[in-house]
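Enquirer: Need the 3D shape of this:
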Amino acid sequence: NPRPLPAMMRERTRVVLRGAILLVALAVARSAASPRRFDATVDPSNLGPRFDGVGAVSGGGGGTRLLLDYRDPYRSDILDLLFKPKFGASLHTLKVEIGCDGDTTQGAEQTHMHTADDDSPTAFDRGYENWFMLEAKKRNPDIHLSGLEWGVPGWVYNTTVSSAQNIDYLVKWITGLRDRKGLLIDSVGLGYNENNYDATWIKQTRKALDAAGLASVKTIAADQCCGDIWSITQSMLDDPELRAAVDIVGTHCGGAINGNSNPPTKALQGLSQPFWDTEQHIGIPDPNPVPCWEWSAATSLAQTINQNYAAANQTATLIWTPVYSWYSWLPYAGKGLLVANTPWSGAYNVSATIWTVAHTTQFVQPGWRFAGGSGCSVFPVPAAGGREARKSVKTAGSYVTYVSPNASDVTVVIETFGAPSPTTLVLTFVGSLSSTASLNLWTTSETVWFANAGSVDVSEGKVSITVPPEQVWTLSTTTGQRKGTGSPVPAPTPLSNVLPLTEDFETYGLDTLPLYFSDLHGAFSIAQHPSGRGQVLRQQALSRPVCTHAGHHRQLFVAALGDTSWANYTVAVKAMVEDDARTSPDNQLLLVGSHIGAHHAPEHLFDNVAVDGCVLELHMNGTWRVTFGDSASLVDQGTGAWKAGQWVHITLTVSSNGSEVVVSATVDGTPLLSKKSISSHHSLAGGAFIGSGIHHAMFDGFSVARTT
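Expert: Here you go, the predicted structure:
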């Protein structure tokens with residue numbers, strides 16, 4: 001947490017210009033270099049494009065999964081910090097993944113249609129994205145809701161993502177949310193996340209949306225990254241029908257601040273559509289980002305939000321992700337605006353990333369306009385000398401000015417990250433803004449976040465402000481901003497504190513997710529027991545999903561829970577492969593695994609049942625095997641008398657001491673192997689999982705208990 005603010009800065013009373021000058025003077029005195037001066041004129045008659053907001057992207061599989069399992073008041077407090085206006089990050093947009101039942105980065109998000117004829121009354125209760133949108137909308141009724149596919153169920157694919165089935169699938173997602181949840185989707189991506197686009201399909205989808213009464217839904221194309229990210233713009237320039245079908249040009253991490261190209265000049269001049277950064281990563285480099293609790297992650301967001309427009313003419317920035325809420329052994333640990341991945345404890349952590357975003361979102365709303373002329377700019381890096389010669393510095397800061405729709409309010413956001421010395425910005429307000437009397441001042445440094453520093457007087461339409469290096473300041477005529485807080489946050493505790501853990505799946509609604517289970521590939525949700533008495537956890541997906549980044553070739557569906565605080569335990573479950581003629585016994589199996597998550601390459605998890613732990617495979621052709629480690633080394637194998645349509649009770653016990661791993665497994669009380677010893681160069685720790693092949697399977701009576 002930042003250090004407490006001085007009493008002077010805690011006071012909400014107005015501080016006159018003398019106080020603000022003193023604050024700056026003290027900071028400037030600590031710097032050996034003289035301030036550099038820049039001048040800007042803000043003229044309401046000379047405005048740039050519409051500001052389209054700052055938002056976040058909840059996608060890539062299980063990214064927001066564990067937030068669902070928090071209990072109030074902590075869950076509500078976290079949601080307030082993300083979405084409540086003038087409170088925390090106060091996000092303007094929430095973009096979600098349209099689930100596909102497949103692993104798209106940190107796991108799988110469930111689809112609204114497991115099969116072509118899936119019209120279940122609980123279809124839109126699945127997963128967590130719809131819940132997340134509802135909670136965002138409760139806090140900000142004006143929030144912009146958007147969706148994008150990271151993958152599609154296998155039945156939708158039909159040799160290409162750009163299929164007629166996919167058009168119908170997207171339309172049903174939008175209309176289903178509207179009709180069943182009261183959620184109106186404002187925009188939808190038609191580019192298939194970070195992949196090639198199909199211009200013909202985009203045009204066909206736009207026509208289908210219009211025919212379904214969804215003409216108000218904006219289309220975004222093409223969500224590309226890592227290469228020729230602006231190729232869609234040339235296609236739009238060449239094809240008037242495509243140009244008419246696309247409302248927003250969206251790309252990922254575009255612009256010089258991200259080390260990528262800015263939009264082509266001919267596209268900016270020839271297209272009327274706005275340009276959005278539809279997935280902005282926190283803490284580049286990727287895929288091993290600077291975690292959100294590091295100051296440099298916060299500074300990169302302040303730079304990006306400003307310079308996405310000042311240098312790259314992008315009018316919206318959508319940040320991936322809103323909250324780091326997945327198990328820490330999965331990819332991209334720490335990539336969120338805040339940390340909330342221990343729902344069993346209620347603990348969460350708010351870092352400076354929330355507050356550098358708030359410097360824009362709490363003062364400006366979509367519909368404001370960027371100032372034209374000199375109202376927005378990047379501060380150049382000096383040519384040579386001392387600190388300013390750092391090769392890693394791309395800019396020496398920037399400022400962006402926003403003007404309200406009626407030109408009565410103004411906000412200026414200044415960031416000085418990379419500046420070699422204090423920066424003086426002299427602002428001159430003309431026209432209807434010339435009568436501005438004062439500007440409210442909010443500041444953030446590495447040690448003090450989002451501090452209300454009183455107000456600065458404007459004299460005859462002019463004000464001079466000097467900002468120290470490595471800070472972000474906001475000056476605004478608007479009021480009502482605050483550094484929101486919630487209930488006292490409990491201390492984090494390890495998940496091992498919940499052991500022994502038992503789960504009978506009886507306390508949940510149908511088609512929902514049980515506590516702490518995270519789908520890594522496939523769709524595991526609550527279903528009725530075949531007998532009609534009670535409930536089970538059922539694997540629902542029946543086709544192999546086609547995903548952007550992962551899971552293309554995976555033959556196994558897996559749900560996991562637990563973390564590296566778990567070690568030396570027994571996992572037990574009752575399970576059944578449903579008797580289904582669509583799959584042969586040779587392709588039907590059950591999985592039980594333990595000690596997942598340590599010392600492995602997460603991106604390849606479950607490609608070939610490769611985990612740093614033990615996996616028991618029970619095949620319905622009467623064979624079994626146990627494997628160990630990333631390379632799936634065979635521990636033992638054999639035969640048994642089980643088959644599809646028959647419940648079996650499975651246990652897997654694994655313990656280790658740093659040099660030896662001991663494994664035991666049973667089915668219906670009969671040992672498959674007993675205290676089998678394996679050499680190991682480290683102690684095992686990690687969560688448990690259950691799984692199946694690409695078919696229906698049921699699970700009940702799940703438990704995890706420490707071994708003695």
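
Enquirer: which residue ranges form the helices in the stretch 151-300 of the chain?
Expert: All helices of the stretch 151-300 of the chain, identified by DSSP state H, counting those that start in this stretch, fall at 154-157, 164-176, 199-211, 231-238, 240-245, 265-270, 295-310.

Enquirer: Could you say which one of these comes nearest to V54?
Expert: The minimum distance between V54 and the helices of the stretch 151-300 of the chain falls on helix 295-310, with 5.9 Å, by Cβ to Cβ. The way it works is simple: take the backbone N, C-alpha and C, and place the C-beta from them, glycine included.

Enquirer: What mean pLDDT does the next helix or strand after the closest one get?
Expert: Downstream of helix 295-310, the next assigned helix or strand under DSSP states H and E is strand 316-320. Regarding strand 316-320, the rounded mean pLDDT is 97.

Enquirer: so how far is strand 316-320 from its chain's centroid?
Expert: 10 Å (Cα atoms, centre = their mean, to the nearest Å).

Enquirer: List the neighbouring strands of it plus their orientation.
Expert: Paired with strand 316-320 in the same sheet, following DSSP bridges, are strand 53-58 (parallel), strand 275-281 (parallel).

Enquirer: Can you add distance to S659 and give those back as TSV?
Expert: Output for these, formatted as TSV (distance: least, Cβ to Cβ, whole Å):
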stretch	distance to S659
strand 53-58	43
strand 275-281	40
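
Enquirer: right, and these - which one's nearest T353?
Expert: strand 53-58 (10.8 Å).

Enquirer: Just the CA trace of the closest one, in PDB.
Expert: Taking Å, rounded to 0.1, in the frame of the first residue of the first chain, the C-alpha atoms of strand 53-58 are listed here in PDB:
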ATOM      1  CA  GLY A  53     -13.300   5.300 -23.700                       C
ATOM      2  CA  VAL A  54     -11.000   3.100 -21.700                       C
ATOM      3  CA  GLY A  55     -12.100  -0.400 -20.900                       C
ATOM      4  CA  ALA A  56     -10.900  -3.900 -20.200                       C
ATOM      5  CA  VAL A  57     -11.000  -7.300 -21.900                       C
ATOM      6  CA  SER A  58     -12.100 -10.400 -20.100                       C
END
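
Enquirer: about what we covered before: any chance of JSON lines for the helices of the stretch 151-300 of the chain, columns mean pLDDT?
Expert: Converted to JSON lines, the helices of the stretch 151-300 of the chain look like this (pLDDT from 0 to 100):
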{"stretch": "helix 154-157", "mean pLDDT": "93"}
{"stretch": "helix 164-176", "mean pLDDT": "97"}
{"stretch": "helix 199-211", "mean pLDDT": "98"}
{"stretch": "helix 231-238", "mean pLDDT": "96"}
{"stretch": "helix 240-245", "mean pLDDT": "98"}
{"stretch": "helix 265-270", "mean pLDDT": "96"}
{"stretch": "helix 295-310", "mean pLDDT": "95"}
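
Enquirer: Quick one: those as TSV, columns for mean neighbour count and distance to F628 too.
Expert: Shown next, in TSV, are these (neighbours: other Cβ atoms under 10 Å; distance: least, Cβ to Cβ, whole Å):
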stretch	mean neighbour count	distance to F628
helix 154-157	21	31
helix 164-176	19	40
helix 199-211	18	45
helix 231-238	18	46
helix 240-245	15	53
helix 265-270	12	54
helix 295-310	25	37
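
Enquirer: rewinding a little: to T200, which of the strands paired with strand 316-320 lies closest?
Expert: The closest of these to T200 is strand 275-281. By Cβ to Cβ, the value is 21.7 Å.

Enquirer: tell me how far the closest one is from the chain's mean position?
Expert: On Cα atoms, centre = their mean, the centre of strand 275-281 falls 12 Å from that of its chain.

Enquirer: How many neighbouring residues does the closest residue to A705 other than its chain neighbours have?
Expert: Leaving aside its sequence neighbours, A705 sits nearest to P500 (Cβ to Cβ, 6 or more residues apart in numbering; 4.0 Å). P500: 10 surrounding residues under other Cβ atoms under 10 Å.

Enquirer: A256 too?
Expert: For A256, the neighbour count with other Cβ under 10 Å is 15.

Enquirer: Spit out the contact partners of it.
Expert: Residues in contact with A256 (Cβ atoms under 8 Å, 6 or more residues apart in numbering) are N262, Q307, A311, A312, K394.

Enquirer: Closest one to H252 out of those, please.
Expert: Closest approach to H252 among these (Cβ to Cβ): A312, at 12.7 Å.

Enquirer: Tally up the residues packed near the closest one, please.
Expert: Neighbourhood size, A312 [other Cβ under 10 Å]: 23.

Enquirer: Quick check: the gap between it and T251.
Expert: Distance from A312 to T251, counting by Cβ to Cβ, to the nearest Å: 10 Å.

Enquirer: and for those two, which residues touch both?
Expert: Common neighbours of A312 and T251, using Cβ under 8 Å, 6+ apart, are F275, D277.

Enquirer: CSV please, covering the helices of the stretch 151-300 of the chain and showing distance to S34.
Expert: Converted to CSV, those look like this (distance: least, Cβ to Cβ, whole Å):
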stretch, distance to S34
helix 154-157, 62
helix 164-176, 57
helix 199-211, 53
helix 231-238, 43
helix 240-245, 50
helix 265-270, 36
helix 295-310, 23
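
Enquirer: Those helices: which one's closest to R533?
Expert: For R533, the closest of the helices of the stretch 151-300 of the chain is helix 164-176, at 30.6 Å, according to Cβ to Cβ.

Enquirer: Let's see the closest one as CSV, backbone CA atoms only.
Expert: C-alpha atoms of helix 164-176 as CSV (Å, rounded to 0.1, in the frame of the first residue of the first chain):
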residue,chain,number,x,y,z
ALA,A,164,-22.6,-19.9,-42.1
GLN,A,165,-23.0,-21.8,-38.8
ASN,A,166,-20.8,-19.2,-37.1
ILE,A,167,-23.0,-16.3,-38.4
ASP,A,168,-26.0,-17.9,-36.9
TYR,A,169,-24.1,-18.8,-33.7
LEU,A,170,-23.0,-15.1,-33.2
VAL,A,171,-26.5,-13.8,-33.8
LYS,A,172,-27.9,-16.3,-31.3
TRP,A,173,-25.3,-15.1,-28.7
ILE,A,174,-26.4,-11.5,-29.1
THR,A,175,-30.1,-12.2,-29.1
GLY,A,176,-29.9,-14.7,-26.3
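
Enquirer: Identify the residues contacting that helix?
Expert: With Cβ under 8 Å, 6+ apart, helix 164-176 has contacts from 98, 112-113, 116, 123-124, 147, 149, 152, 155-158, 185, 188, 201, 204-205, 208-209, 212, 214, 217.

Enquirer: With stretch 258-267 instead?
Expert: Residues contacting stretch 258-267 (Cβ under 8 Å, 6+ apart): 229-230, 233-234, 236-237, 249, 253-256, 275, 280, 284, 304, 311-314.

Enquirer: circling back: out of the strands paired with strand 316-320, which gets the lowest mean score?
Expert: Looking at the strands paired with strand 316-320, the bottom one is strand 275-281 with a mean of 95.

Enquirer: now the angle from that one to helix 295-310?
Expert: Relative orientation of strand 275-281 versus helix 295-310 (axes from the mean of the first three to the mean of the last three Cα atoms, to 10 degrees): 170 degrees.

Enquirer: in strand 275-281, what's buried?
Expert: Burial within strand 275-281, assessed by neighbour count using 16 or more other Cβ atoms under 10 Å, is assigned to F275, W276, D277, T278, E279, Q280, H281.

Enquirer: Over to stretch 85-96?
Expert: Neighbour count says stretch 85-96 has P85, F87, G88, A89, S90, L91, H92, T93, L94, K95, V96 buried, by 16+ other Cβ under 10 Å.
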